[in-house]
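Enquirer: Build the 3D model from these lines:
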Amino acid sequence: MEYNKNLLIFIIFQPSDWYRVSRKELVDCGGAGMFNVYKSPEHALTTAYRDVSWEKDKFIAAAVRPPAGYWKDDNRLLQALDLAAQRLGIEKVFLLNFIHLLI
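Expert: Model (predicted):
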């Protein structure tokens, strides 16, 4: 992807280039109106390009802060934990009852 801040032009070579485009950059390019219909760039792209296998965690990695309520979705939270476990090589998690450790 190429981005010229002076001209506010994006050249997208492949779908993954969109992960690095922020909401602010889209608004600066005249795309503010799309947010009347879609709540985020992720929402717009996943709706418009349903045939692309989007990695939703990469939209958040490119953003400064996830949208309000993003982590309240149990599926997103579990997907993020699964991805972190995969990247860190965690195969099994043992839960401890910390209350017993305090007594």
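Enquirer: Pull out the buried positions in stretch 23-30.
Expert: Within stretch 23-30, the residues that qualify as buried are 23, 26, counting by 16 or more other Cβ atoms under 10 Å. Any C-beta I mention is one placed from the backbone N, CA and C, and that applies to glycine too.
Enquirer: which residue ranges form the strands in the chain?
Expert: Taking DSSP state E, the strands of the chain run over residues 2-4, 9-11.
Enquirer: Confidence-wise, which of these is weakest overall?
Expert: Sorting these by mean pLDDT places strand 2-4 lowest, at a mean of 50.
Enquirer: which residues are contacting the helix ranked longest in the chain?
Expert: In the chain, assigned by DSSP state H, the helix with the most residues is helix 74-88. Here helix 74-88 makes contact (Cβ atoms under 8 Å, 6 or more residues apart in numbering) with 56, 57, 70, 71, 90, 91, 93.
Enquirer: which of these are buried?
Expert: residue 70.
Enquirer: sorry, back to before: averaged pLDDT, the longest helix of the chain. What do you get?
Expert: Taken as a whole, helix 74-88 has a mean pLDDT of 83.
Enquirer: how far does that helix sit from the chain's center?
Expert: Offset of helix 74-88 from its chain centre (Cα atoms, centre = their mean, to the nearest Å): 13 Å.
Enquirer: Same check on stretch 44-60?
Expert: With Cα atoms, centre = their mean, you get 9 Å for stretch 44-60.
Enquirer: How about stretch 29-47?
Expert: Counting by Cα atoms, centre = their mean, stretch 29-47 comes out at 14 Å from the chain centroid.
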